[in-house]
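> Below are the sequence and a predicted model for it; my questions follow.
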Amino acid sequence: MTELTETHAGYRLDGAAYRYPGRAEWAVRGLTLTIAPGEIIGIIGPNGSGKSTVLKLLAGLLRPQQGEVRLDGHPLAHYAVRAFAQRVAVVPQSVQFVFPFTVREIVGMGRMVHRAERSTWWGGLSPLGGWVPESQADHEAVRAALADMELEPVADRSILELSGGERQKVLVARALAQQPSSLLLDEPTASLDLHHQAAVYRRVRALNRDRGVTVVLVSHDLNLAALFARRLVLLDRGQTRRIGPPDEVLTQTELDALYAESVVVDRHPSADAPRVTLKP
């Protein structure tokens, strides 16, 4: 594990809290958490426990009303939009597509934050990035992302022609093409079949292993989270209930109490991870 320092601290949430307008309850409150560079961490918990809100705080989509969120030692507000986007990519649960962009075009949008850096406008950086021809690196990043997500056969089809599961794979591919140092995933495989779930997780794990990409995963699937993440954060009504390795978090006593359901927790038959099964 990379040693944390003040100047290279991965993500750090200090007493972070957020309450949506018009709501009496805090969606997240008093959350303190360190995410080390190169870590894979899973955020789990029942519906309404604050999982997606935490991800939005990490993505800079929401600003904490109390406490602070830092990336590499700096408050998120310290970063310009483009600089932050070069570091952090987000895969949302879903996106409503309106225009008939091709799959290749949408995946290529992941390169815009890098192309904008190369653009010039009246002798300086264009405020909108400007139009810049795609470089060989752009082409290669898009090609690799399409191949990783097995999207090459539909690369030139309109996104509007694809199924919900295929569209989700396109969102993952767009994030991969962005080549971030941190990847935030909000239920990335909820609409995918088993084969494509495995493909997504294998690719993300390879990015973590080969490039040191930090991965934060929000998931309702406790078993997938246990297989994929080295550490889990179990949330309950916006607060941390338990943080630790899957074996320490996914206990029968903890899950029975939190989910109000009887479960069996045993071992995965072919992996060193706990397995959660509902009692009939």
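Sure thing, it's come through.
> just the strands in the chain please.
11-18, 28-35, 40-44, 66-71, 74-75, 88-91, 182-186, 214-218, 231-236, 239-244, 263-267, 274-278 (DSSP state E).
> in its sheet, what does the third one sit against?
Read that as strand 40-44. With DSSP bridges as the test, strand 40-44 is paired with strand 214-218 (parallel), strand 231-236 (parallel).
> Return the most buried member of the ones you listed.
Sort the strands paired with strand 40-44 by mean neighbour count, taking mean count of other Cβ atoms under 10 Å, and strand 214-218 sits at the top with a mean of 25. (Each C-beta comes from the backbone N, C-alpha and C, glycine too.)
> beta partners for Asp14?
Bridge pairing for Asp14 - DSSP bridges - gives Glu68.
> Against which helices or strands is the longest helix along the chain packed?
Secondary structure assigned by DSSP state H gives helix 194-211 as the longest helix of the chain. Applying 3 or more Cβ pairs under 8 Å, 6 or more residues apart in numbering; DSSP states H and E, one finds that helix 194-211 makes contact with helix 164-178, strand 182-186, strand 214-218, helix 222-228.
> For the strands paired with strand 40-44, give me CSV that also has distance to Thr277 and mean pLDDT.
Shown next, in CSV, are those (distance: least, Cβ to Cβ, whole Å; pLDDT from 0 to 100):
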stretch, distance to Thr277, mean pLDDT
strand 214-218, 21, 95
strand 231-236, 17, 96
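> Quick check: which of the ones you listed is nearest to Leu58?
Closest approach to Leu58 among those is made by strand 214-218 (6.1 Å; Cβ to Cβ).
> show me where pLDDT drops low in this structure?
Within the chain, the stretches with pLDDT under 70 are 1-9, 116-132.
> returning to that earlier point: between the strands of the chain, which one is closest to Phe101.
Closest to Phe101 of the strands of the chain, according to Cβ to Cβ: strand 88-91, at 17.3 Å.
> what's that closest one in contact with?
The contact list for strand 88-91 (Cβ atoms under 8 Å, 6 or more residues apart in numbering) reads 55, 58-61, 71, 110, 171-172, 174-176, 178, 180-186, 188.
> Now do stretch 86-106: distance from first to last residue.
Length of stretch 86-106, first residue to last, Cα to Cα, to the nearest Å: 17 Å.
> ok, and for that stretch, which residues are buried?
Across stretch 86-106, burial judged by 16 or more other Cβ atoms under 10 Å covers 86, 88-92, 101-104, 106.
> follow-up on the earlier one: among the strands of the chain, which is nearest Leu146?
Closest to Leu146 of those, according to Cβ to Cβ: strand 88-91, at 15.6 Å.
> quick one: Pro37 from Gly244, how far?
19 Å (Cβ to Cβ, to the nearest Å).
> who's more crowded, these two?
Comparing Pro37 with Gly244 by other Cβ atoms under 10 Å, the one with more neighbours is Pro37, at 18 against 12.
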